[in-house]
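Visitor: Sharing a model prediction with you, sequence too.
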Amino acid sequence: MADYKHILLAVDLHENFDDDVVTQAVKLAKEHAAKITIVHVLEHLTAYGIAQAYPGAFEIEESIRNEATETIQSLIDKHAIKDVDVIIEPGSPKMLIIDKAKELNADLIVLGSHGRHGLSLLLGSTANAVLHHAPCDVLAVRVKEK
Ligand code: AMP
C-alpha cells in the first residue's frame with residue numbers, strides 16, 4: 001500500500017452523514033502520519049455570484065458557511081484530529097474535490113460511497129465522478145443504509 005502523506009477528506013454534512021467516512025480517514029491518517037484537509041463544498045451557492053443584486057444573499061452565504069464551519073469543528077473535536085486544514089468553498093462537489101486534490105498534491109481522497117442522493121446507485125454520483133477523474137488514490141467508504 002502507498003505511503004499516504006496528505007489525505008483529502010470530503011464531507012457533505014447532510015443529515016444522514018455517515019461518521020464512518022471520517023473514522024476511516026482518521027485511522028489512515030494515524031497509520032501513515034498523514035495530514036488531513038477536510039473539504040466541504042457549498043453546492044447550492046454557485047448561483048450567488050450572479051445573485052449579488054438580491055438583498056440578503058451574502059448574509060445567507062455567510063450563515064451557511066458559519067454553520068458548516070461549526071459542524072466541521074465538532075467533527076474535528078469528536079475525532080481528535082490533530083494535523084488538519086479546512087476548506088469550505090462554493091462550487092460543484094466533484095469538480096472542487098478533484099481540483100483541491102490536484103492543488104494540494106493530496107495522495108488519497110476519502111469520501112462516502114453515497115451521500116444526500118441516497119443508495120439508489122451502486123456508487124453515488126460524486127464518488128463515481130471523483131473515481132474517474134482523481135489524480136490520486138480514492139477510498140469510497142461504503143455508507144450503510146440507515
Ligand atoms: P453523493 O454523490 O451525494 O452520493 O455523495 C457521496 C460522497 O461525496 C459524500 O459522502 C461526500 O464524501 C462527498 N460529497 C458529496 N457532496 C459533497 C459536498 N458538498 N462537499 C464535500 N463532499 C461531498
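Guide: Good, I have the coordinates.
Visitor: After the least confident helix or strand in the chain by mean pLDDT, heading C-terminal, what element do we hit next?
Guide: Of all helical and strand segments in the chain, the minimum by mean pLDDT, DSSP states H and E falls on helix 57-78, at a mean of 90. Downstream of helix 57-78, the next assigned helix or strand under DSSP states H and E is strand 84-90.
Visitor: Name the residues of that following strand that are buried.
Guide: When neighbours are counted by 16 or more other CB atoms under 10 Å, the buried residues of strand 84-90 are found to be 84, 86-88, 90. From N, CA and C alone the C-beta is placed, and that goes for glycine too.
Visitor: Among those residues, list the two that are farthest apart in space.
Guide: Largest separation among the buried residues of strand 84-90 by CB to CB: Val84 and Pro90, giving 21.1 Å.
Visitor: circling back: report the buried residues of the least confident helix or strand of the chain.
Guide: 57, 61, 64-65, 68, 72, 75-76.
Visitor: again, but for stretch 126-140
Guide: 126-127, 129-130, 134, 136, 138-140.
Visitor: Run the chain-centre distance for it.
Guide: Offset of stretch 126-140 from its chain centre (CA atoms, centre = their mean, to the nearest Å): 12 Å.
Visitor: Show me what that stretch is in contact with.
Guide: Here stretch 126-140 makes contact (CB atoms under 8 Å, 6 or more residues apart in numbering) with 2, 4, 10, 12, 24-25, 28, 93-94, 97-98, 101-102, 106-115, 121, 123.
Visitor: Kindly report the residues of the chain close to the ligand.
Guide: 10-12, 21, 39-41, 43, 93, 111-112, 114-117, 124-127 (CB under 6 Å from any ligand atom).
Visitor: If we use 5 Å, what do you get?
Guide: 10, 12, 40-41, 43, 93, 111-112, 114-117, 124-127 (CB under 5 Å from any ligand atom).
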